[in-house]
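A.B. asks: give me a 3D structure for the following:
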Amino acid sequence: MILKADNVHKTYTMARKGLHILRGASLSVGDQESLAVIGVSGAGKSTLLHILGGLDRPESGQVWLGDDPLYGISSRKRTRLRATQIGFVFQSYHLLPEMDVLENVILPAMALAGGLSEAQRRKRGMELLESVGLADRCEHRPMELSGGEQQRVALARALMNQPRLVLADEPTGNLDDGTGRQILDLLFTLTRRDGHALVLVTHHRETALRCDRVLRLEQGVLVPADGGGGTDIPRDVRR
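C.D. replies: I've put the predicted structure just below:
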């Protein structure tokens, strides 16, 4: 088991009123498994993903990354775990405009003390750019790329530190259908090739069906997407 969330609650205060986003959400993800979380806009999918990734603290409940309780350890250790074991792919790419493409890809490794040398970082970064078809754009700035190309760079960056888990938040939300399918093909190909577990947040059912399991976020809790055990979608359909 790479990831487990147990009875997670999250409330935001708006106009002096509490808005309950998560009301006891629970899930588990096995090593190399892919899990989709679907739900309508505003259901709390992104909030859930941020809590799973150690970016936002729940009011109650716990998240385990392997054997480590993310909200029962120091912030320093949580940051280290996030950097070494989790890769993030966001809807809006979040590339740094002042850095070129290769620098954006290797940035996660640059933040790890005692990690790869500069030469090793650049070598791995170029290998990842090759895998997403952008090695020839390594010296370009993000704003010189299309949206689909920027998301490919973001995917390469997410894989830089060889994480056990990839969290993807509506990774095709800003892309047209054709480009979105290309990004999803890369996401599933690379995570399966290299043995990463994947949690994918989406409101597109067709996208969700590509995962091993599908859960729906409804009224702050996670339920099987089709009323079964979360594994009722045949694998040949999901693939």
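
A.B. asks: okay, and the beta partners of the most centrally placed residue in the chain?
C.D. replies: By CA atoms, centre = their mean, the chain has its centre lying nearest to L167, at 1.4 Å. Beta-bridge partners of L167, counted by DSSP bridges, are F88, V199.

A.B. asks: that one and F90, how far apart?
C.D. replies: To F90, L167 is 9 Å away according to CB to CB, to the nearest Å. (C-beta placed from N, C-alpha, C; glycine too.)

A.B. asks: how about the contacts made by the residue nearest to the centre of the chain?
C.D. replies: 49, 52-53, 86-89, 198-199, 201 (CB atoms under 8 Å, 6 or more residues apart in numbering).

A.B. asks: from V201, how far out is it?
C.D. replies: Distance from L167 to V201, by CB to CB: 8 Å.

A.B. asks: picking that back up, Throw the contacts of L167 into TSV and include distance to L222, thanks.
C.D. replies: Below are the contacts of L167 laid out as TSV (distance: CB to CB, whole Å):
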residue	distance to L222
L49	12
L52	11
G53	16
I86	19
G87	22
F88	20
V89	21
L198	16
V199	11
V201	12
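
A.B. asks: for the protein, give me the ranges with low pLDDT.
C.D. replies: 226-239 (pLDDT under 70).

A.B. asks: what residues sit buried inside the longest helix out of those in it?
C.D. replies: The helix that spans the most residues within the chain, counting by DSSP state H, is helix 177-194. Residues 179-180, 182-184, 186-188, 190-191 are the ones in helix 177-194 that count as buried (16 or more other CB atoms under 10 Å).

A.B. asks: nearest to D68 among the residues you listed?
C.D. replies: Sorting the buried residues of helix 177-194 by distance to D68 puts T191 at the head of the list, at 21.4 Å, by CB to CB.

A.B. asks: I'd like the distance between the closest one and V199.
C.D. replies: T191 is 10 Å from V199, by CB to CB.

A.B. asks: first vs last residue of stretch 27-40, how far apart are they?
C.D. replies: 18 Å (CA to CA, to the nearest Å).

A.B. asks: just checking, K123 is part of a strand?
C.D. replies: No: going by DSSP: H, G, I helix; E, B strand; the rest coil, the assignment for K123 is helix, not a strand.

A.B. asks: and it, how far is that from N104?
C.D. replies: Distance from K123 to N104, by CB to CB: 16 Å.

A.B. asks: these two: which is more packed in?
C.D. replies: When K123 and N104 are compared for neighbours, N104 comes out ahead with 26 against 13, by other CB atoms under 10 Å.

A.B. asks: surely the more buried one meets L96?
C.D. replies: Yes: under the criterion of CB atoms under 8 Å, N104 makes contact with L96 at 5.8 Å.

A.B. asks: show me the common contact partners of these two, please.
C.D. replies: Shared contacts of N104 and L96, counting by CB under 8 Å, 6+ apart, come down to P142.

A.B. asks: look up how far E98 lies from the residue nearest to the centre of the chain.
C.D. replies: L167 is 25 Å from E98, by CB to CB.

A.B. asks: ok, now T172?
C.D. replies: On the measure of CB to CB, T172 and E98 end up 26 Å apart.

A.B. asks: how about P171?
C.D. replies: 23 Å.

A.B. asks: the more surrounded of these two?
C.D. replies: Using other CB under 10 Å as the criterion, P171 and E98 rank with P171 on top: 26 against 9.

A.B. asks: tell me which element T47 is part of?
C.D. replies: helix 45-52 (DSSP states H and E).

A.B. asks: now the element after that helix, going C-ward?
C.D. replies: Criterion used, DSSP H and E; the element after helix 45-52 is strand 60-65.
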